[in-house]
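J.: I would like to see how this sequence folds:
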Amino acid sequence: MPPPLPVLPPGARWLAVRKDLVFLAVEHLPQCRSLRASWEKKGGEDYRTYRLAFPYILYLLSFYRGDLQEMKMFYRPGPLTSLEDTLYHTNLPNVRGEPGHYGSQRVCLRYRPEMIEGVPLVQSVPTLIEFFWSTGFNQDIKGSAFERAQTLNPRIASFEAWEAATEQDPLFPLQIDWEPTDRTIPGLWLECLKLHGDTDLPVASAEELADIFYRMPVGY
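T.: Numbering: from 1, shown residues only. Now for the predicted structure:
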């Protein structure tokens, strides 16, 4: 008998497992969230709490030997219906922009949270996602997803405009023409496999090698 699959967290839409690598897609419905944000780099004294509306959010998390490797996030105008569905760039300052780069849409967690070590997916994934939303958002990342999206629509040009649009229509993010990415869920899964040496394709660039080192647990 093959080993049983783990109990999955709420919102789980797709799971891929190969050897020690786990790749999970979690979807959140459109909702309003409160987050703390600063216009300064590293965050200053101007942190303020905003109530903001979001479209469908897709979190893609990878784990290697039980350790979190990374979390990426994407927007969707509707629920996921196919693995080939288009994924869209987000507009958060703590998310890396840079289309075409492997790290595009990777969220900044500041460090690998110790609270999820040794915790099963059904508990660790919701904890990790809430940890991300509870951290203060600032302008640390140059060329962030927020900077890229500011010109898409006046309603998301600033946190203040975003909050005002949320008050008028909490579902307005479903009407925004978000920027499509060139990524699909299967493609991101194959990238994870490649970076862990589980494909026949060699590492092709210094950036890919740097990403491999980024995922190595402390002490290796």
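J.: pLDDT score for the residue lying closest to Ser62 once chain neighbours are set aside?
T.: With Cβ to Cβ, 6 or more residues apart in numbering as the criterion, Ser62 has its nearest non-adjacent residue at 4.2 Å, and that residue is Gln69. Where C-beta positions appear, they are placed from N, C-alpha and C, glycine not excepted. Gln69 carries a pLDDT value of 86.
J.: Number of residues surrounding Gln69?
T.: 21 (other Cβ atoms under 10 Å).
J.: Can you mark which positions in the helix or strand harbouring it are buried?
T.: In the assignment (DSSP states H and E), Gln69 maps to strand 67-76. Across strand 67-76, burial judged by 16 or more other Cβ atoms under 10 Å covers Asp67, Leu68, Gln69, Glu70, Met71, Lys72, Met73, Phe74, Tyr75, Arg76.
J.: how far away is Glu45 from Arg155?
T.: Counting by Cβ to Cβ, to the nearest Å, the separation of Glu45 from Arg155 is 27 Å.
J.: still on that earlier bit, nearest to Phe137, of the buried residues of strand 67-76?
T.: Met73 (13.0 Å; Cβ to Cβ).
J.: TSV please, covering the buried residues of strand 67-76 and showing distance to Gly11.
T.: What follows is these, written out as TSV (distance: Cβ to Cβ, whole Å):
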residue	distance to Gly11
Asp67	22
Leu68	17
Gln69	20
Glu70	18
Met71	14
Lys72	15
Met73	13
Phe74	14
Tyr75	15
Arg76	12
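J.: Pick the one among the residues you listed closest to Ile129.
T.: Among those, and counting by Cβ to Cβ, the member closest to Ile129 is Met71, at 7.8 Å.
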